[in-house]
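Novice: What follows is a predicted structure for the sequence shown.
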Amino acid sequence: MTEEKKYTVTKVEPTEFGYKICLELSDMDRYEFILSPEQYKNHDTKAGDVIGEEELQALKTDMQFYSAVRRAYDILSYGENTKNQLVYKLVKKGFKRPLAIQVADYMKEKGYIDEREQLISYSTQLAEKKHYGRERILAEVMKHGFSRDYVEAILMESLKEVDFVENCAYLIRRKYGSVPKDIAEFKKMIASLVRYGYSITEVKLAVRRVTKDENE
């Protein structure tokens, strides 16, 4: 039976990011771990301690998690991300997907990811600045990996004050000046507005509004 390796803790020192723990089995078998203050407190490792393989693996696991958390903080410092976006970026940085998901859940739990607020802000921006209709907004938001039911519930709240008929009328005025008289051009306009996410009913109401404004 192979004797379990024993590692001596040669140094424990605070760093900018937490605590560095140095272990040594021999000149050719050394390790360094950076742990968060909370992780270090849980391990309660001191210089001179002797640990086995099980504790070594626990230190490795915690270090990998903390390394991914630090990278997540860095990613989020550049802008808002949904959980799925953060997972994708962590995987691109070389972290395994299960760990990336674990870290994204941690960041969400700590309040660094507020998907509901992000959805409200993003959907309002699409409605007010790009003048998209409900269906186009829904499609754009769902690209971030949310379920349709979840998104629709949020959009009902965030977009309840938006006058989509007026938004559609604004697009008609901006793109065409007035409602096209030519049938072919009129059909092209309808198709364009539907692609913007407006229903046929909303388009018809917008056409009536623009026409009424022209005749007054």
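Specialist: Arrived safely, thanks for sending.
Novice: From Ala72, how far off is Leu23?
Specialist: 26 Å (CB to CB, to the nearest Å). Placement of C-beta: from N, CA and C, glycine included.
Novice: Just want to know which of these two has more residues nearby.
Specialist: Ala72 (24 against 21; other CB atoms under 10 Å).
Novice: Surely Val165 touches Val207?
Specialist: No: Val165 sits out of contact with Val207 when judged by CB atoms under 8 Å, with a separation of 9.8 Å.
Novice: Could you chop this protein up by domain?
Specialist: 7-109, 114-162, 163-216 (automatic domain parsing).
Novice: just how off-centre is the longest one within its chain?
Specialist: What that stands for is domain 7-109. 22 Å (CA atoms, centre = their mean, to the nearest Å).
Novice: And the helix or strand where Arg174 lies, what does it pack against?
Specialist: Here Arg174, judged by DSSP states H and E, is contained in helix 164-176. In terms of contacts (3 or more CB pairs under 8 Å, 6 or more residues apart in numbering; DSSP states H and E), helix 164-176 is packed against helix 183-195, helix 200-215.
Novice: got those helices as JSON lines, with mean pLDDT columns?
Specialist: Below are the helices and strands packed on helix 164-176 laid out as JSON lines (pLDDT from 0 to 100):
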{"stretch": "helix 183-195", "mean pLDDT": "95"}
{"stretch": "helix 200-215", "mean pLDDT": "91"}
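Novice: Can you add mean neighbour count and distance to Ala68 and give those back as JSON lines?
Specialist: Shown next, in JSON lines, are the helices and strands packed on helix 164-176 (neighbours: other CB atoms under 10 Å; distance: least, CB to CB, whole Å):
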{"stretch": "helix 183-195", "mean neighbour count": "14", "distance to Ala68": "40"}
{"stretch": "helix 200-215", "mean neighbour count": "15", "distance to Ala68": "45"}
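Novice: Let's have the ones you listed in TSV, adding distance to Ile101.
Specialist: Formatted as TSV, the helices and strands packed on helix 164-176 follow (distance: least, CB to CB, whole Å):
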stretch	distance to Ile101
helix 183-195	35
helix 200-215	39
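Novice: how about the ones you listed, which one is nearest Leu56?
Specialist: Taking CB to CB, helix 183-195 is the member of the helices and strands packed on helix 164-176 nearest to Leu56, at 58.3 Å.
Novice: Which residue ranges of the protein form helices?
Specialist: With helices called from DSSP state H, the chain shows them at 37-43, 53-77, 83-92, 97-109, 115-128, 134-142, 148-158, 164-176, 183-195, 200-215.
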